[in-house]
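Student: Structure, please.
(chains A, B, C and D)
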Number of protein chains: 2
Amino acid sequence: MSQKKPYMTIAKPTVEEDILLSWGAAYKKVNKGDIIFMEGGQSCFYYQLVKGRVRWVNINEDGREFIQVMIEEGESFGELPLFDEMPYAATAIADEDSIVLRLCKSHFHQMVRSSYDIHFNFTRLLVERLRFKFLTLKEIAYNNPEQRISNLLRYYKRNTSIGDKLVKLQYTRQQIADMTGLRVETVIRTIRNLHERGALKIQRGKVFF
Amino acid sequence: MSQKKPYMTIAKPTVEEDILLSWGAAYKKVNKGDIIFMEGGQSCFYYQLVKGRVRWVNINEDGREFIQVMIEEGESFGELPLFDEMPYAATAIADEDSIVLRLCKSHFHQMVRSSYDIHFNFTRLLVERLRFKFLTLKEIAYNNPEQRISNLLRYYKRNTSIGDKLVKLQYTRQQIADMTGLRVETVIRTIRNLHERGALKIQRGKVFF
DNA sequence: GAAAGAATATGACCTTAATCATATTTACGC
DNA sequence: GCGTAAATATGATTAAGGTCATATTCTTTC
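Tutor: Residues are numbered from 1 along each chain as shown, chains lettered A, B, ... in the order given. Predicted structure coming up:
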């Protein structure tokens, strides 16, 4: 039950907690389902996830979500507007009860200016995110559901496990669908197929690979 | 004929030419179709486009291209590996005869370290590219061909023209297809429809809007 | 451990864009 | 201006994934 969750960590803790605190950041508790900020809104804060999980999504007219990034512990989010003064590109929603660190915009800018290393970490983070987008985009543009899902899983595993021991997927089929632009049913069917062909294992609905 | 081309400029000149030159950058001529660097390869240089156009693409097993970014004059490209030491995420091909500025990796790092503003410009560029990826991804994931294409055109126009005077699209149908993950025929048909409904104009095959 | 609510599963049918084939128009070199 | 290559156009057919409806299994809570 209280097993260590194998998180999908795209980046290491962006900024050390104590550094953020020294610049005046404050902890904030958010409940599952809470909206932290909204697509199109103006930005006032830098956010970093301390505990929990946040999904960073676009929501279309029919209420369908597209998950742009799953934010895991230690990762920053909502930093785009802090660098280009544009509105938020997507909405941040707590995927589970979470704790975030929040630093106001002006202090954030001072902090970035104060240290090459901190600044470089952000540059690096953006590069990693961009790389992931390059990958996702070519997947979605050219591959069939099976390849899209397989490659997402491969990526997940690479960022989640050491060695090649079995990993339990921490996403629902719906979330996979929302990350790949497919429908739940298609994801379910595809994962079933992969299971039948031995490419992964389904145990009580959960995916292991 | 020699009209000023309304380029799609996602970013302003990333680094001023004379600054690059002072750090030891050298001009290099490339012919239309030349490969500047290849996906998966190791990176040795920073590149910036002086003249012409470069497409930055993933190519799949069947030889189909997916255009990740169209690089316009003044923009940098291939900088991802310089920040994260990973291989190139895509292949850069000269879309027309072009001139690039090339700066070796170590000098690039010194340059970035030397000036907060130069560093910040890169951060900003990455943010803009990331924003564009967010946009493209949600388009591709959730919209039909018509919306994908319309939104691409809208984005093109915003980055290309001042005011709302008519713009001539500088992309072929094939390139639109390679940017949206659709097929040429679909793009052709969709643009025809848009033309029929008065959303844009086709004159001798060229698109104006 | 029973009930309620998520999440997963599965079948039948339908729609949309891909595919393939071929024609026409436009651009370009000499 | 003629010939060739590239780009655009259009019809017929197909297949892949979406849609809808419903069932089953798993998880959580009291």
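
Student: What's the first helix or strand after the helix or strand containing A:R55?
Tutor: A:R55 belongs to strand A:54-59 when assigned by DSSP states H and E. Going down the chain from strand A:54-59, the next helix or strand is strand A:65-71, by DSSP H and E.

Student: So which elements touch the very next helix or strand once past that next one?
Tutor: Where DSSP H and E defines the elements, the next helix or strand beyond strand A:65-71 is strand A:76-77. With contacts taken as 3 or more C-beta pairs under 8 Å, 6 or more residues apart in numbering or on different chains; DSSP states H and E, strand A:76-77 sits against strand A:45-51. Just so you know, the C-beta spots here come from the backbone N, C-alpha and C atoms, and that holds for glycine as well.

Student: what's next to the strand it packs on, contact-wise?
Tutor: A:13-15, A:17, A:20, A:25, A:27, A:36-37, A:71-79, A:82, A:92, A:98-105, A:108 (C-beta atoms under 8 Å, 6 or more residues apart in numbering or on different chains).

Student: Assign A:L101 to helix, strand or coil.
Tutor: Following DSSP: H, G, I helix; E, B strand; the rest coil, the label given to A:L101 is strand.

Student: Was I right to think it contacts A:W23?
Tutor: No. Using C-beta atoms under 8 Å, A:L101 is not in contact with A:W23, being 10.1 Å away.

Student: Excluding covalently adjacent residues, which one is nearest to the residue positioned nearest the centre of chain A?
Tutor: What sits nearest the mean C-alpha location of chain A, by C-alpha atoms, centre = their mean, is A:M70, with 1.6 Å. Leaving aside its sequence neighbours, A:M70 sits nearest to A:R55 (C-beta to C-beta, 6 or more residues apart in numbering or on different chains; 5.6 Å).

Student: residues touching the one you found, list them.
Tutor: A:E65, A:I67, A:V69, A:M70, A:I71, A:A92, A:I93, A:D95, A:Q175.

Student: pLDDT and distance to DNA strand C for the residues you listed - can I get that in a markdown table?
Tutor: Formatted as a markdown table, those follow (pLDDT from 0 to 100; distance: C-beta to the nearest atom of the strand, whole Å):
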| residue | pLDDT | distance to DNA strand C |
| --- | --- | --- |
| A:E65 | 93 | 12 |
| A:I67 | 95 | 14 |
| A:V69 | 95 | 19 |
| A:M70 | 94 | 14 |
| A:I71 | 94 | 18 |
| A:A92 | 96 | 19 |
| A:I93 | 94 | 13 |
| A:D95 | 92 | 10 |
| A:Q175 | 95 | 8 |
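
Student: Now do the buried residues in the helix ranked longest in chain A.
Tutor: When chain A is scanned for its longest helix (criterion: DSSP state H), the result is helix A:116-142. By neighbour count on 16 or more other C-beta atoms under 10 Å in any protein chain shown, the buried set for helix A:116-142 is A:118-142.

Student: for that helix, packing partners?
Tutor: Helix A:116-142 packs on helix A:105-114, helix A:145-158, helix A:173-180, strand B:54-59, strand B:65-71, helix B:80-84, helix B:116-142, going by 3+ C-beta pairs under 8 Å, 6+ apart.

Student: out of the ones you listed, nearest to A:L166?
Tutor: Closest to A:L166 of those is helix A:145-158 (C-beta to C-beta; 9.6 Å).

Student: quick one: the closest one near DNA strand C?
Tutor: No. Judged by C-beta under 7 Å from any atom of the strand, helix A:145-158 makes no contact with DNA strand C; its nearest approach is 11.9 Å.

Student: Whether that helix contacts DNA strand D - can you check?
Tutor: Yes. Counting by C-beta under 7 Å from any atom of the strand, DNA strand D has neighbours in helix A:145-158: A:P145.

Student: And for that helix, what's in contact with it?
Tutor: So helix A:145-158 is contacted by A:8, A:132, A:135, A:139-140, A:143, A:164, A:167, A:169, A:171, A:176, A:179-180, A:182, A:186-187, A:190-191, A:193-194, A:199-200, A:207, A:209 (C-beta under 8 Å, 6+ apart).

Student: Name the spans of chain A whose pLDDT lies under the cut-off.
Tutor: A:1-12 (pLDDT under 70).

Student: Please parse it into its domains.
Tutor: With automatic domain parsing as the criterion, the domains of chain A are listed as A:17-137, A:143-208.

Student: from the ones you listed, which stretch is densest packed?
Tutor: domain A:17-137 (a mean of 18; mean count of other C-beta atoms under 10 Å in any protein chain shown).

Student: Tell me the gap between that one and the middle of its chain.
Tutor: In this view, domain A:17-137 has its centroid 10 Å away from the chain centroid, taken as C-alpha atoms, centre = their mean, to the nearest Å.

Student: Next one: A:Q68 from B:L166, what distance?
Tutor: Separation of A:Q68 from B:L166 (C-beta to C-beta, to the nearest Å): 34 Å.

Student: Contacts for stretch A:179-187 next, please.
Tutor: A:66-67, A:70, A:136, A:139-140, A:145, A:148-149, A:152, A:171, A:173-174, A:176-177, A:190, B:140-142.

Student: rerun that using 6 Å as the cut-off
Tutor: A:I67, A:I140, A:P145, A:R148, A:R173, A:Q174, A:I176, A:A177, B:A141 (C-beta atoms under 6 Å, 6 or more residues apart in numbering or on different chains).

Student: which one among those residues gets closest to DNA strand C?
Tutor: Nearest to DNA strand C among these, counting by C-beta to the nearest atom of the strand, is A:R173 at 3.3 Å.

Student: so does stretch A:124-143 get close to DNA strand D?
Tutor: No. Using C-beta under 7 Å from any atom of the strand, stretch A:124-143 stays clear of DNA strand D, coming no nearer than 7.7 Å.
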